[in-house]
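Peer 1: Test case, fold it:
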Amino acid sequence: MTPGLSLTVLVDNTTLVDHDFCGEAGLSFFIETAGKKILFDTGLSGLFLTNAKKMGIDLTDLNVLVLSHGHIDHTGGLATLARHFDDAILDGRQPRVPELLAHPRCFWPKEKEQKRNGSEVSEEEARLNFPLRLSEKPVWITDDLVFLGEIPRRFAFEQGDLNKRVVYHPDGSTEQDYLSDDTALAFRSAKGLVIITGCSHAGICNITEYAREVCGDRRVADIIGGLHLLSPEPKRLAKTGKYLNRLHLKALHACHCTSLPAKLALAEYCPVQEVGVGMKLEW
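Peer 2: Coordinates of the predicted model:
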């Protein structure tokens, strides 16, 4: 039988009511499966640590740290996490420093509209603090949880918001940033795949199709994460909705960079559910 997976929302733009948690314009999930603890993204700041402590979640014994892509609202807590491990050592504890898993372009400097919006931690700095594994190819974290690597772009309507986005190569040259470092996780549950996304710059339909291919399972039970549908064109929104409708999802947990109008529109096609800091899901 496939072991289960639990996911706790440490950071999102929204918080749940009646909980003493804070939100920010970022995303971070704590995942447990098959005896492994995984941190997916670190939000915009060190808030993920504050919320985790309030939830009674210990982040000093993580197995893997996954970065969905290199934007600041998903990598902003990296330096804080590194200091967290240093502080644990000073307190006489022996933390388990996790392997950091990301796309090879994750730490390349990025700009949008001439403003830096990439990771404030460089690849060199990351290597000093974490065992670093950069991969364009899928990496299986457990028998049923996979890091998808670079996502093939198959749907023309998911070209995304590339206007005025720039990425810097290691040699200092620049090019238009197609956000090829954007990736996701996929989990094979007993009821179908669970797709865990950061921002879905690669397109949620592209991500889902690739997850089905990599996992060898056409069923999709749930999708949770940002869909980067802030002010999408009606044509793209309709095509996305029709694609998701054909999946017969049990739930769509759209959050972070998904606007309220987009959620309302997608709710016409599939069961959109609420997401907020403090929420815990199990599959």
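
Peer 1: so who does Asn51 touch?
Peer 2: Residues in contact with Asn51 (C-beta atoms under 8 Å, 6 or more residues apart in numbering) are 10-11, 21-22, 277-278. Where C-beta positions appear, they are placed from N, C-alpha and C, glycine not excepted.

Peer 1: Now which of these would you call buried?
Peer 2: For the contacts of Asn51, a burial check counting by 16 or more other C-beta atoms under 10 Å picks out 10-11, 21, 277-278.

Peer 1: quick one: which two of these are the most distant?
Peer 2: Within the buried ones among the contacts of Asn51, two members stand farthest from each other by C-beta to C-beta: Val11 and Gly278, at 10.5 Å.

Peer 1: which non-adjacent residue is nearest the residue positioned nearest the centre of the chain?
Peer 2: With distances taken as C-alpha atoms, centre = their mean, Gly198 lies nearest the centre of the chain, 2.6 Å away. Residue nearest to Gly198 in three dimensions, not counting chain neighbours: Ser68, with 2.5 Å by C-beta to C-beta, 6 or more residues apart in numbering.

Peer 1: same deal with Trp283?
Peer 2: In this structure, Trp283 finds its nearest non-sequential neighbour in Ser189, 4.2 Å apart by C-beta to C-beta, 6+ apart.

Peer 1: tell me the contacts of that neighbour?
Peer 2: Contacts of Ser189 were listed using C-beta under 8 Å, 6+ apart, and they are 2, 4-5, 144, 221, 283.

Peer 1: Just want the phi and psi numbers for it.
Peer 2: Here is the backbone geometry of Ser189 (degrees, to the nearest 10): phi -90, psi 170.

Peer 1: That one pairs with what?
Peer 2: Counting by DSSP bridges, Ser189 forms beta bridges with Gly192.

Peer 1: Distance check, it against Pro3.
Peer 2: Distance of Ser189 to Pro3, given as C-beta to C-beta, to the nearest Å: 9 Å.

Peer 1: Leu229: what's its closest spatial neighbour, skipping adjacent residues?
Peer 2: With sequence-adjacent residues excluded and distances taken as C-beta to C-beta, 6+ apart, Leu229 is closest to Ala262, at 3.9 Å.

Peer 1: Tell me which helix or strand that neighbour sits in.
Peer 2: Assigned by DSSP states H and E, Ala262 belongs to helix 260-266.

Peer 1: Which helix or strand lies directly C-terminal to that helix?
Peer 2: strand 280-282.

Peer 1: can you name the farthest residue from the center of this structure?
Peer 2: Here the chain reaches farthest from its C-alpha mean at Gly92, the gap being 32.1 Å by C-alpha atoms, centre = their mean.

Peer 1: where's that one relative to Leu59, distance?
Peer 2: 17 Å.

Peer 1: Can you verify my assumption that Ala126 contacts Leu134?
Peer 2: No. In this structure, Ala126 is not within contact of Leu134 by C-beta atoms under 8 Å, at 9.5 Å.

Peer 1: Tell me which of those two has more neighbours.
Peer 2: Ala126 (23 against 18; other C-beta atoms under 10 Å).

Peer 1: just checking, that one is part of a helix?
Peer 2: Yes. Under DSSP: H, G, I helix; E, B strand; the rest coil, Ala126 falls within a helix.

Peer 1: Now do it, the pLDDT please.
Peer 2: Looking at Ala126, its pLDDT reads 98.

Peer 1: measure it to Phe107 for me?
Peer 2: In terms of C-beta to C-beta, Ala126 sits 6 Å off from Phe107.

Peer 1: again with Val272
Peer 2: 33 Å.

Peer 1: of those two, who's got more company?
Peer 2: Using other C-beta under 10 Å as the criterion, Val272 and Phe107 rank with Phe107 on top: 26 against 20.

Peer 1: Apart from its neighbours in sequence, what residue is nearest that one?
Peer 2: Once flanking residues are discounted, Phe107 sits nearest to Glu123: 3.8 Å by C-beta to C-beta, 6+ apart.

Peer 1: Is it correct that that neighbour is in contact with Pro109?
Peer 2: No. Using C-beta under 8 Å, Glu123 makes no contact with Pro109, being 10.2 Å away.

Peer 1: rewinding a little: out of the contacts of Asn51, flag the one nearest to Lys250.
Peer 2: Of these, the one sitting nearest to Lys250 (C-beta to C-beta) turns out to be Gly278, at 21.4 Å.
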